[in-house]
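J.: Below are the sequence and a predicted model for it; my questions follow.
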Amino acid sequence: MTVPRSTLQQRYDAVIVGGGHNGLVAAAYLARAGQSVLVLERLGATGGAAVSTRPFAGIDARLSRYSYLVSLLPDKVVRDLGLRFTTRRRTVSSYTPAVRGGAATGLLVGDGRTRESFAALTGGDREYDAWQRFYGMTRRVAERVFPTLTEPLPERDELRARVGDETAWRTLFEEPLGVAVEERFADDLVRGVVLTDALIGTFADAHDPELRQNRCFLYHVIGNGTGDWDVPVGGMGALTDALADAARSAGAEIRTRHEAVRIETDGTRAEVTVRDDRGEYTVAARRVLVNASPRALAALTGEAAEPSAPPEGSQLKVNMLLTRLPRLRDRSVDPRAAFGGTFHIAEGYEALGAAHREAAVGRLPSAPPSEIYCHSLTDPSILGPGLAERGYQTLTLFGLHTPARLFAADNAGTREALLAATLAQLDAHLEEPIAHCLARDENGAPCVEAKTPLDLERELGLPGGHIFHRDLSFPYATEHTGRWGVETSHANVLLCGAGAVRGGGVSGVPGHNAAMAALGR
């Protein structure tokens, strides 16, 4: 008779549930501190949403399939863990096409042409000067707030004092962002470009009284004290591969295709039940770090989930491979500059508001807003031999205001309709349909794939497809947070995923902070 595997138990200082980038950060820190560490990953590889894959049959292009840019990863984490990982700065921040007086034009930010582009679009310097003042303010806030992300959580008044600017504090932390946007900027397109950073993965209106848009905006403008968004060389998988290497080199054990299904703890000792292709077994640990959503943690411990509404993602993610970049109707801008930064589509201020109102009543936006960037312009290493020389390029598109509820009745059909409508909005600013530029895989199919919130929930376990696991929180302590923002109701169970305070984005911050809490630092 075979002894049930559930009776065979191994003991560790720490078991980490989930091998996404935050779990790997925590594993590397704890293992470097001399602790015995086991990482359990449900999927066949580590990385979670921060992975690179070849999604198109027979095509050697390694795309960042889900998350795709780096802003919030602290240099401190890269240095501490000795990561062999680099990023590159894009020369263009963004390009936003428009039609003014029947003519194709647009706003280019970066590449030394920002003032000139503002003047051509708006007929003067007023909007440019307002832009400079506004983003000068956010950069000063970034310089003060970003270093606190890897420190114990400051109290609200402590962070307010650290910001040291009452106007900035009111603008970003107290009033709906729409107030500042409308007070500071007059041009609809400029207003929309500012607002987009408040809506990435967040379904909210500019004047949402809950300030979800403010919290999202804050995390998008404070990264590394500059707010710059950088391209990961080799794709996002290069980061998580480096993190896995760092964790293993320090002595951590990583098991893929091993899913944690239950956590039992008395506050000092814990047991994790694990399922693999041979059945179930348990491992014991002094503490457990959970790199999953708070709702997933509640399910693992058998507790009731938070009383708030379930998380709901609100994005469309599209990957494309082109044989060449399309020509633009705006002849004043080279396509390499336009697509080298973030290419905004249907993201004027009024258009964003209209899209939100339509989605809020259960309709797909008639003009779906989205933004695109071309990784391979900055980092051609993701393209296999010969592709770059032949002019191939990758495009990543991120759509806004498409909450998961819109896909509930017919995910596949709604996905197809939304993709067509989204690409039509892009085509409106091109001299040729984007379909004419799409590469084809070895089976003759166009190289384009789209993921809805429901697809992300199924593939990655993101609750409701929410890329942040739940609504982001301001980076200060409240009555419900612990010292590091990773604590739970169990003394020896910590949350090290995006749903922790100061989580969200590709940052490694929750992983770092959970490791510091576990080590008592």
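T.: Nice, I can see it. Numbering: from 1, shown residues only.
J.: all contacts plus neighbour counts: C-alpha atoms, from now on.
T.: Will do.
J.: quick one: L423 is in a helix?
T.: Yes. Assigned with DSSP: H, G, I helix; E, B strand; the rest coil, L423 falls within a helix.
J.: That one touches I434, doesn't it?
T.: Yes. Under the criterion of C-alpha atoms under 8 Å, L423 is in contact with I434, at a separation of 7.3 Å.
J.: Same question for A285, what's its three-state structure.
T.: Strictly by three-state DSSP, A285 counts as strand.
J.: Could you find the closest non-adjacent residue to it?
T.: With C-alpha to C-alpha, 6 or more residues apart in numbering as the measure, Y12 is the residue that lies nearest to A285, at 4.7 Å, once sequence neighbours are left out.
J.: how many neighbours does T171 have?
T.: Applying other C-alpha atoms under 10 Å, we find 19 residues neighbouring T171.
J.: Equivalent analysis for G225, please.
T.: G225 is flanked by 20 other residues according to other C-alpha under 10 Å.
J.: Hmm, M137 and it touching each other?
T.: No. G225 is beyond contact range of M137, at 12.0 Å (criterion: C-alpha under 8 Å).
J.: Helices of the stretch 1-150 of the chain, start to end?
T.: For the stretch 1-150 of the chain, helices defined by DSSP state H, counting those that start in this stretch occupy the ranges 21-32, 75-80, 114-122, 126-145.
J.: Return the set of residues that bridge with V318.
T.: With DSSP bridges applied, V318 shows beta-bridge pairing to L397, A450.
J.: Any stretches of this structure with poor pLDDT?
T.: Within the chain, the segments meeting pLDDT under 70 span 1-9, 307.
J.: can you do 90?
T.: Low-confidence segments of the chain, defined by pLDDT under 90: 1-10, 71, 91, 111, 224, 226-229, 303-309, 385, 479-480, 521.
J.: which one of the helices of the stretch 1-150 of the chain has the most crowded surroundings?
T.: Most buried of the helices of the stretch 1-150 of the chain, by mean neighbour count (mean count of other C-alpha atoms under 10 Å): helix 21-32, with a mean of 29.
J.: thinking again about what came up before, number of nearby residues for the residue nearest to A285?
T.: Other residues lying near Y12 total 16 when counted by other C-alpha under 10 Å.
J.: so what's it up against?
T.: Contacts for Y12 (C-alpha atoms under 8 Å, 6 or more residues apart in numbering) come out as Q35, S36, V37, L38, V283, A284, A285, R286.
J.: ok, now how distant is it from G23?
T.: 15 Å (C-alpha to C-alpha, to the nearest Å).
J.: cool, T114 as well?
T.: 40 Å.
J.: What of H258?
T.: Separation of H258 from G23 (C-alpha to C-alpha): 14 Å.
J.: my read is R248 is in a helix, agree?
T.: Yes. The assignment for R248 is a helix, going by three-state DSSP.
J.: follow-up on the earlier one: roughly how far does the residue nearest to A285 sit from T105?
T.: In terms of C-alpha to C-alpha, Y12 sits 60 Å off from T105.
J.: Going along the chain, name the helices of the stretch 201-350 of the chain.
T.: Along the stretch 201-350 of the chain, counting by DSSP H, counting those that start in this stretch, helices occupy 212-221, 236-249, 294-301, 335-340, 349-360.
J.: Please name every helix or strand in contact with the third one.
T.: Right, the one you point to is helix 294-301. Applying 3 or more C-alpha pairs under 8 Å, 6 or more residues apart in numbering; DSSP states H and E, one finds that helix 294-301 contacts strand 259-265.
J.: which other residues reach the strand it packs on?
T.: The contact list for strand 259-265 (C-alpha under 8 Å, 6+ apart) reads 17, 40-42, 270-276, 299-302, 490, 492.
J.: from those residues, which would you call buried?
T.: Among these, the ones that count as buried by 16 or more other C-alpha atoms under 10 Å are 17, 40-42, 270-275, 300-301, 492.
J.: re the thing from before, how about the helices of the stretch 1-150 of the chain in a markdown table, adding distance to F343?
T.: Shown next, in a markdown table, are these (distance: least, C-alpha to C-alpha, whole Å):
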| stretch | distance to F343 |
| --- | --- |
| helix 21-32 | 27 |
| helix 75-80 | 27 |
| helix 114-122 | 15 |
| helix 126-145 | 18 |
